[in-house]
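In: Fold the following for me, if possible:
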Amino acid sequence: MREKPLIPRNPLFRFFSNAFFYCIAVPLLVVFDFVWFGFRKKGTKNIKELKGNGAVIVCNHVHNFDCTFVGLSILPRRAVFTSLAYLFRLPVVGPLIRVMGSVPVPAELSGMRKFLSELSEGAASGRLVCIYPEGMIEPYCDHLRQFREGAFAVAVRADVPVVPLVLTERPQRGIWRFKKRPCFTMEIGIPLYPIADGSIREKTKELAQRTRTIMEEMQKKGGPQKPETSAEAFLPVENVEESIGT
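Out: Below you'll find the model as predicted:
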């Protein structure tokens, strides 16, 4: 029996998914994220420079709603997000995140090769794929944590750029001065392309290191940070198939 594709290709599903996203989800999130979180975005021209081509979006994972911040930052385009598999089994939440464009990360390593392959195909065909290289969320973390290299392997295999996004905090001022938590700003960096020479492994590692350096600079400019040492910066793995973020 033929396996169901990870990224839905059914025209009817995609039609209703786009209708829900653009007509219902986006208007609600624009109001909610602006009013509740004081959300702002910078560097949107860097998404426009992709000119409709595919890319891998990477972002620090520091808030339960940061996927909505990413989604609003790259409008009018949409991204394929990766989410933990168990979320898709939850009532209401499961169908909602699926129609919003999320795909489940395999719980077992045996499914990881196919997972990375399909994400690479999606990016190569012009889709934006969002992967959190830090993996698990750590709310309000003020520094970049260890990076997993799966996101960068997808970019190398698809021969598409990585677009770094960094979410930083800013003080509550103006109409947000009564908030207990800080407001958020998302900055979009310039697309970073894989180098031309080297093995997949070498190009993946170089792209991951270059992206991390840029994201640390972006984070320092946007707010306080505590960079980890180079030895702590990347999760040591034997195969890039084992290094996907969720």
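
In: rest of the way, CA atoms for contacts and neighbours
Out: Will do.

In: what about the longest helix in this protein?
Out: helix 200-222 (DSSP state H).

In: where along the protein do the helices fall?
Out: Using DSSP H, helices in the chain cover 11-20, 26-37, 45-48, 66-73, 93-99, 112-124, 150-158, 200-222.

In: before we move on, the earlier item: quick one: buried residues of the longest helix of the chain?
Out: Neighbour-count burial for helix 200-222, counted by 16 or more other Cα atoms under 10 Å, picks out 200, 203-209, 211-212, 214-216, 218-220, 222.

In: Which positions in stretch 49-56 come out as buried?
Out: Buried residues in stretch 49-56 (16+ other Cα under 10 Å): L50, N53, G54, A55, V56.

In: Got phi/psi on the closest residue to the first one other than its chain neighbours?
Out: Of all residues not flanking L50 in the chain, P191 sits nearest, at 7.9 Å (Cα to Cα, 6 or more residues apart in numbering). With angles defined as degrees, to the nearest 10, P191 sits at phi -60, psi 140.

In: Now do P191 against V154, distance only.
Out: 15 Å (Cα to Cα, to the nearest Å).

In: Of those two, which one has the most company?
Out: V154 (32 against 19; other Cα atoms under 10 Å).

In: tally of neighbours for the residue nearest to the more buried one when sequence neighbours are not counted?
Out: Of all residues not flanking V154 in the chain, S120 sits nearest, at 4.9 Å (Cα to Cα, 6+ apart). Using other Cα under 10 Å, S120 is surrounded by 25 other residues.

In: ok, S120 - contacts?
Out: Residues counted as contacts of S120 (Cα atoms under 8 Å, 6 or more residues apart in numbering) are V154, A155, R157, A158.

In: count of residues packed around F184?
Out: 23.

In: swap in Y132?
Out: 23.

In: wait, it sits on C59?
Out: Yes: Y132 is within contact range of C59, at 5.6 Å (criterion: Cα atoms under 8 Å).

In: Quick check: which ranges of this structure have low pLDDT?
Out: 1-4, 223-246 (pLDDT under 70).

In: The residue sitting nearest the centre point of it and V160, how far apart?
Out: Using Cα atoms, centre = their mean, the residue of the chain that lies closest to the mean C-alpha position is C130, 3.1 Å off. For C130, the distance to V160 equals 13 Å [Cα to Cα].

In: shared neighbours of those two, which are they?
Out: V56.

In: Tell me the backbone dihedrals of N10, please.
Out: Taking degrees, to the nearest 10 as the convention, N10 sits at phi -60, psi 120.

In: Now do the same contact list for it.
Out: For N10, counting by Cα under 8 Å, 6+ apart, there are no contacting residues.
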